[in-house]
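[1] Turn this into a structure:
(2 chains)
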Amino acid sequence: MAYSLKAPGRRFVIGVPYTWLVVFFLLPFLILLYISFVDMGNDISPFKPIWDSETGLLHLKYDNYYTIFQSGDGGALFQTLYIEAYLRSLWYALCTALLCLVIGYPFSYFIARSAPSVRPALLMMVMLPFWTSFLLRVYAWKGILADQGVVNQVLLALGIINEPIQMLYTDVSMLVGMTYVYLPFMVLPLYANLVKMDFRLLEAAYDLGTSPFKAFWLVTVPLSKAGIIAGFMLVFIPCVGEFVIPSLLGGPENIMIGRVVWDEMFTSNNWPRASALAVVMIGLIVVPLAIYYHFTGEAAEPKH
Amino acid sequence: MADATPKDNYLVTEKLVKRFDEAVAVDEVNLSIRQGEIFALLGSSGCGKSTLLRMLAGFEKPTSGRILLSGQDVAPLAPYERPFNMMFQSYALFPHLDIWENVAFGLKREGCAKDELKTRVGQMLDLVQLTPYAKRKPHQLSGGQQQRVALARSLAKKPKVLLLDEPLGALDKKLREQTQFELVNIIEKVGVTCVMVTHDQEEAMTMASRIAVMSKGRVLQVGSPQEVYEYPSNRFVADFIGSVNLFDGKLSIDEPDHCAAQTAIGEVHVGHSVSGTLGMPVAMGVRPEKVSIGKQAPANVRHNLFSGRVKEIAYFGSYNTYIVVTSSGVRVKITEPNGSHTNTLDITWEDDVYFWWDDTDAVLLRN
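    Coordinates of the predicted model:
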């Protein structure tokens, strides 16, 4: 786009969010990056300065990163607790995103295809949970999934089971919680995409001999690709670093990376290692994001 | 016309009705379309022509009535089961597929073999002269090119009937004129039976072999472009197609070879008979270009000679339009072609003029 940046108003409008991002995102990240390369401190300060003013030596410490990938000296590569936590986080984030997609797609499709007059109400219902506290909603799932919870009580009363099924503090409860919380982030971009779709394209597909089911796969799904990717990223990325839901609903053995960072920070008081873990996590997220933008950048050529 | 052959009744609608809630969109339409002809449904928006086309395509289910293709009822078939293909007004090209894939879309669905697919798509792209653009995406083409892709896509499956929804509606005027001939050429080359919907009478007249004029869900007249223009069967058709001077009056003479009506302008004669009673209200219609104008009255004209004063003159390049107002206050529109430069009529504003037309050039219209 050939918009000139000379107009002061335009500069200001663009400058404000950028300033915000520099001050509250880039600077903290640089500080994080800095801490990840220094030594652990003592009780007074959690980390040592990189520049030793007495000896005049630079204390760049790569150990924080080494220990993420290698346990102990000469230990096996990529077989650390951290790598496990990363992989687990990515896996759960992937599962959550897929679950959200499977549930959210028909949901969004239904809203987009409903009469324009009822769409705002349906969308409102998607966003309604945001009006209550996030923590409250996650806690509510405890009540639903606990051994004495609603689900087990109903199943017991119906005689389907004889004793409560352990649902809380398992993968199931964690995925249920994460899928529930992140579903709107899938539904909204998908809806925004699907509602714009030209219904005549489906008619054209029918006209050319495509059954409605096939037309969905050949026309609707490919055309909503951008919405699928956007929704997927919006769910996947925050899920990788999710801390609260796994802590409240997840099992003790399935520790995700958010929890590990927390533990390093507040239990071990090892800020440099926590920082290094966070930096690696950002790397893990930025790579898929870069891939995403690479592909959408190609797709985002002018349409007319 | 000779006896009806299967060719004449290739595509037939029988008492086709479509109701949306209480509104009747299509009201007992009976049409019989010949094999290989281009048939136009002409009418203003909301006349039911698009609903009729959508019923033919299968997108709308008829409330009652039948659609017969070679005698077989296709109304119960879903759009993807019908041997009809449609070219959409918006073209509805798949934006995620390139031109080649768009044209191949329908063929692939019927499990066309790879080699045949290649030849067929190649033929279609040749036909519409878009072979060099095969790998482009629809949005990279101009409107006219997109229209040709849409045509190629709808012809690729060799449909029994091609449906065109406002085929030139999305093009600008200049391109439209050029495209309509191209379109007809291609359709005639392929020899497909074609039903088109348009609100543009010029488009219908130049492209179609027959026209059905529709209003309020009903078909008012079916005929060749000449028939509907020269012999409109009623007032609406006369008024809708082209422009016309209408003189309301009462039937005063009714003979086997001519009749006349007493109107505000005087007695107007036409050279055909009418089955009716004297005194019944009728309208006399005469096209502006059938009316002659001059400063002197011609010697040998017995009927339909009137006088008035020129109130407006409009110069359109190839013809002039005069608005003449008679002493009784009737406005008459007259157009005269601009022939050679020396042949200009020496008529100007506020001139008193005579105007006249042949008995055979006017039509009597029932109200």
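[2] Let me see the contact set for the closest residue to A:Leu60 other than its chain neighbours.
    Leaving aside its chain neighbours, A:Leu60 sits nearest to A:Phe37 (5.5 Å; criterion: C-beta to C-beta, 6 or more residues apart in numbering or on different chains). Glycine gets a C-beta too; all of them are placed from N, C-alpha and C. Applying C-beta atoms under 8 Å, 6 or more residues apart in numbering or on different chains, we find A:Phe37 in contact with A:50, A:60-62, A:64, A:272.
[3] mind giving me TSV with the residues you listed and columns for secondary structure?
    Shown next, in TSV, are the contacts of A:Phe37 (DSSP: H, G, I helix; E, B strand; the rest coil):
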residue	secondary structure
A:Ile50	coil
A:Leu60	coil
A:Lys61	coil
A:Tyr62	coil
A:Asn64	helix
A:Pro272	helix
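[4] Which among those residues count as buried?
    A:61, A:64, A:272 (16 or more other C-beta atoms under 10 Å in any protein chain shown).
[5] what's the helix or strand for B:Ser307?
    Using DSSP states H and E, the element containing B:Ser307 is strand B:305-315.
[6] Mind listing what's buried along that strand?
    So, applying 16+ other C-beta under 10 Å, buried residues of strand B:305-315: B:306, B:308, B:310.
[7] and if you look at stretch A:79-96?
    For stretch A:79-96, by 16+ other C-beta under 10 Å, it's A:80, A:82-83, A:85-86, A:88-90, A:92-93, A:95-96.
[8] export those to CSV and tack on secondary structure and pLDDT?
    Formatted as CSV, the buried residues of stretch A:79-96 follow (DSSP: H, G, I helix; E, B strand; the rest coil; pLDDT from 0 to 100):
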residue, secondary structure, pLDDT
A:Thr80, coil, 80
A:Tyr82, helix, 90
A:Ile83, helix, 90
A:Ala85, helix, 91
A:Tyr86, helix, 92
A:Arg88, helix, 91
A:Ser89, helix, 92
A:Leu90, helix, 92
A:Tyr92, helix, 94
A:Ala93, helix, 94
A:Cys95, helix, 96
A:Thr96, helix, 97
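[9] Model confidence score at the closest residue to chain B within the stretch 1-150 of chain A, please.
    In the stretch 1-150 of chain A, the residue that lies nearest chain B is A:Ala115 (14.4 Å; C-beta to the nearest C-beta). Looking at A:Ala115, its pLDDT is 94.
[10] and it, helix, strand or coil?
    coil.
[11] quick one: low-confidence parts of the chain?
    You didn't say which chain, so I picked chain A. A:1-5, A:43, A:72-74, A:296-304 (pLDDT under 70).
[12] To clarify, I was referring to chain B.
    Using pLDDT under 70, chain B drops low at B:1-6, B:340-345, B:367.
[13] Give me the buried stretch members for the lengthiest helix in it, please.
    In chain B, with assignment by DSSP state H, the single longest helix is helix B:173-190. For helix B:173-190, burial by neighbour count (16+ other C-beta under 10 Å) applies to B:176, B:179-180, B:183-184, B:186-187, B:190.
[14] Likewise for stretch A:287-294?
    A:Tyr292.
[15] and it, C-alpha only, in PDB?
    What follows is stretch A:287-294, C-alpha atoms only, in PDB (Å, rounded to 0.1, in the frame of the first residue of the first chain):
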ATOM      1  CA  VAL A 287       7.900 -20.400  14.200                       C
ATOM      2  CA  PRO A 288       4.400 -21.700  13.500                       C
ATOM      3  CA  LEU A 289       3.200 -18.100  13.500                       C
ATOM      4  CA  ALA A 290       5.800 -17.200  10.900                       C
ATOM      5  CA  ILE A 291       4.700 -20.100   8.800                       C
ATOM      6  CA  TYR A 292       1.100 -18.900   9.200                       C
ATOM      7  CA  TYR A 293       1.900 -15.400   8.100                       C
ATOM      8  CA  HIS A 294       4.000 -16.700   5.200                       C
END
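[16] List the contacts of it.
    Contacts for stretch A:287-294 (C-beta under 8 Å, 6+ apart): A:229, A:233, A:236-237.
[17] Report the secondary structure state of B:Thr348.
    Three-state call for B:Thr348 (three-state DSSP): coil.
[18] Ok, the one 5 residues further on next?
    Assigned state for B:Val353: strand (three-state reduction, three-state DSSP).
[19] A:Val280: neighbour count?
    A:Val280 has 19 neighbours, counted by other C-beta atoms under 10 Å in any protein chain shown.
[20] My guess is it contacts A:Ile68. True?
    Yes - here A:Val280 reaches A:Ile68: they are 5.9 Å apart, a contact under C-beta atoms under 8 Å.
[21] Taking chain B, what residue is nearest to chain A?
    B:Gly106 (3.4 Å).
[22] what helix or strand does that residue sit in?
    helix B:99-109.
[23] Equivalent analysis for A:Arg137, please.
    Going by DSSP H and E, A:Arg137 is in helix A:134-145.
[24] CA atoms only for that helix - export them in CSV, please.
    Taking Å, rounded to 0.1, in the frame of the first residue of the first chain, the C-alpha atoms of helix A:134-145 are listed here in CSV:
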residue,chain,number,x,y,z
PHE,A,134,-12.6,-16.7,33.8
LEU,A,135,-11.5,-18.4,37.1
LEU,A,136,-15.1,-18.9,38.1
ARG,A,137,-15.9,-20.7,34.9
VAL,A,138,-12.9,-23.0,35.2
TYR,A,139,-13.9,-23.7,38.8
ALA,A,140,-17.4,-24.5,37.7
TRP,A,141,-15.9,-27.4,35.7
LYS,A,142,-14.5,-28.8,38.9
GLY,A,143,-18.0,-29.0,40.2
ILE,A,144,-19.2,-30.6,37.1
LEU,A,145,-16.4,-33.2,36.6
